[in-house]
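Novice: coordinates only, no sequence provided:
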């Protein structure tokens with residue numbers, strides 16, 4: 001019961017923990033691209049609308065694709081999934 005209580009508490013607290021990071025724009029861009037288009041971009045979508053090659057090749061950021069796919073399936077913005085759904089899930093799994 002103590003473990004389950006800590007799981008719920010930590011999942012709840014994680015929603016209110018805010019630690020912005022300048023890299024969020026870079027990673028959320030990929031997640032939102034997947035949510036909007038249904039595919040992972042293979043060229044740069046942040047600075048050039050698919051004109052320039054990607055800065056990091058091959059594109060192996062599977063977490064960003066997962067967040068984008070979840071957002072597309074739920075019909076919400078990728079940032080909502082990234083900041084409101086994933087932290088409680090990750091926190092609960094970390095406690096368990």
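Specialist: Everything's here; your move. Nothing here was measured: the structure is a model prediction, and the numbers come from that model. Numbering: from 1, shown residues only.
Novice: am I right that residue 45 is in contact with residue 30?
Specialist: Yes: using Cβ atoms under 8 Å, residue 45 makes contact with residue 30 at a distance of 7.3 Å. The C-beta positions use only the backbone N, C-alpha and C, and glycine is treated the same way.
Novice: pick out whichever of the two has more residues nearby.
Specialist: Higher neighbour count among residue 45 and residue 30: residue 30, with 22 against 19, using other Cβ atoms under 10 Å.
Novice: list the contacts for the spatially closest residue to that one that is not a sequence neighbour?
Specialist: Spatial nearest neighbour of residue 30, chain neighbours left out: residue 64 (4.1 Å); criterion: Cβ to Cβ, 6 or more residues apart in numbering. Residues in contact with residue 64 (Cβ atoms under 8 Å, 6 or more residues apart in numbering) are 27-28, 30-31, 34.
Novice: looking at the residues you listed, which are in strands?
Specialist: Using DSSP state E, no member of the contacts of residue 64 falls in strands.
Novice: most neighbours, which of these?
Specialist: residue 31 (27 neighbours).
Novice: list the contacts of it.
Specialist: By Cβ under 8 Å, 6+ apart, the contact list for residue 31 reads 64-65, 67-68, 71, 78-79, 81-82.
Novice: and the residues you listed, which two are furthest apart?
Specialist: Across the contacts of residue 31, no pair lies farther apart than 65 and 79, at 15.2 Å, counting by Cβ to Cβ.
Novice: more neighbours: those two, which one.
Specialist: Set residue 65 next to residue 79 and count neighbours by other Cβ under 10 Å: residue 65 wins out with 19 against 15.
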